[in-house]
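Novice: Generate a structure from the sequence data that follows.
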Amino acid sequence: MEMISPESNPNMMYPSTIVTNNNIGSTATAPPPTTPSRYENQKRRDWNTFCQYLRNHRPPLSLSTCSGAHVLEFLRYLDQFGKTKVHNQTCPFFGLSNPPGPCPCPLRQAWGSLDALIGRLRAAYEEHGGVPERNPFGARAVRVFLREVKEFQARSRGVSYEKKRKRDKQNGVALPSAQPPATLAVADATAESK
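Specialist: As a prediction, the model looks like this:
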């Protein structure tokens, strides 16, 4: 296979054209470069931030020696940059979703932000050659930490993080989430006959 560059062929229209020796008449062009999605950009920034954290760690850590405990250290480090008011249990506003006044409680990272961050870092780890079974972002300690943060913030802020229930499109009625598909078909048939 021979690469043709614009320098060797000034009449060439597409600089990425490839000519093969076995099929002289056919050419292939590279697709135009696509811009990464917002998710991909955020995942790259998150990965770079985590790698920078590992380099600045004392002693510096390599990715291969990183564990769930180091991920927890990283999440606690990020807490200082949070923007979500999380009331202490001794605060008079503990459990109120709209407190009537200011309080000295700390600003923390919101549970949803941490959960999304771990999801992106988990994907980035595998994209950078990490073995899924040894992914520190999927460690049990990290999952337990996220669950505890979610529960505490829900109590502290008076916010429920329950999953939204699926709604029946015809009647607008909430369906039980544990209902098997066969029962749903019977429910749809009953709704149509009314």
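Novice: Please list all residues in contact with Ala110.
Specialist: 82-84, 153 (Cβ atoms under 8 Å, 6 or more residues apart in numbering). C-beta here means a position set from N, CA and C on the backbone, and glycine is covered the same way.
Novice: again, only using 6 Å
Specialist: Contact analysis of Ala110 by Cβ atoms under 6 Å, 6 or more residues apart in numbering lists Thr84.
Novice: and Ile118, how many neighbours?
Specialist: Per other Cβ atoms under 10 Å, the neighbour tally for Ile118 reads 21.
Novice: what's near enough to touch it?
Specialist: Ile118 is in contact with Phe137, counting by Cβ under 6 Å, 6+ apart.
Novice: What is the subsequent helix or strand relative to the helix or strand that contains it?
Specialist: Assigned by DSSP states H and E, Ile118 belongs to helix 111-127. Going down the chain from helix 111-127, the next helix or strand is helix 140-157, by DSSP H and E.
Novice: tell me which residues in stretch 133-143 are buried?
Specialist: 135-139, 142 (16 or more other Cβ atoms under 10 Å).
Novice: before we move on, back to that, may I see the buried residues of the helix holding Ile118?
Specialist: Quick answer for helix 111-127 (16+ other Cβ under 10 Å): 111, 114, 117-118, 120-125.
Novice: And the closest residue to Gly130 other than its chain neighbours, what's its pLDDT?
Specialist: Sequence neighbours aside, Leu63 is the residue nearest to Gly130 in space, at 7.2 Å (criterion: Cβ to Cβ, 6 or more residues apart in numbering). For Leu63, the model assigns a pLDDT of 89.
Novice: Relative to Leu114, how far out is Leu63?
Specialist: 20 Å (Cβ to Cβ, to the nearest Å).
Novice: Test my guess that Ala141 contacts Gly68.
Specialist: Yes - if you go by Cβ atoms under 6 Å, Ala141 and Gly68 touch, sitting 4.1 Å apart.
Novice: where do the helices sit along this protein?
Specialist: Here the chain has its helices, by DSSP state H, at 38-56, 68-78, 111-127, 140-157, 181-193.
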